[in-house]
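Asker: With the sequence up front, the predicted model follows.
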Amino acid sequence: MRHAETEANVSNFFPTHDTKLTPRGYSQAEFLAGNLTGIGIEAIYSSPTVRTMETASIIASKLGINVTVEHRLREVELGELAGRSYVEIRSSDPFWYREYFTDEQKYGVEKFSDLMPR
């Protein structure tokens, strides 16, 4: 699982590391936790972002286990895109995503080639 619904999902913004779950996101995580009870989950790993830790903590609490923070699970670094509107970026730069795959350095995003080894 990734994480439950966040403020960034609802507002169509690129997330930041401190993006939080919405009330609906908390409900989603609680619902999922209820569905995972009794199936033998022994470990939960989470990236260090607020939204993933919130989701993982809700589930872990219901299952009676701890969350292990794994920094290699963190999302792709978004650089200057973090916190900005998808609509704003798409309208000003329809090919913004190329930076993930090329040597271009416009927004400071993490390259997928750097992401894969972790």
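Answerer: Arrived safely. Predicted model only: the values in this text are computed from it and were never measured.

Asker: Next up, the contacts around residue 46.
Answerer: Counting by CB atoms under 8 Å, 6 or more residues apart in numbering, residue 46 makes contact with 52, 53, 55, 56, 67, 68, 69, 70, 73. C-beta: built from backbone N, CA, C; applies to glycine.

Asker: what's in contact with the helix or strand where residue 8 lies?
Answerer: Assigning secondary structure by DSSP states H and E places residue 8 in helix 7-11. Contact with helix 7-11 is made by 13, 14, 15, 16, 19, 20, 21, 22, 25, 85, as judged by CB under 8 Å, 6+ apart.

Asker: rerun that using 10 Å as the cut-off
Answerer: Counting by CB atoms under 10 Å, 6 or more residues apart in numbering, helix 7-11 makes contact with 3, 13-16, 18-22, 24-25, 50-51, 82-83, 85-86, all of which sit outside it.

Asker: Quick check: residue 33 touching residue 54?
Answerer: No - in this structure, residue 33 is not within contact of residue 54 by CB atoms under 10 Å, at 12.0 Å.

Asker: Which neighbours do those two have in common?
Answerer: Both residue 33 and residue 54 lack any common contact, where contact means CB under 10 Å, 6+ apart.

Asker: All the strands of the protein, in order from the start?
Answerer: If you assign secondary structure with DSSP state E, the strands in the chain sit at 44-46, 67-69.
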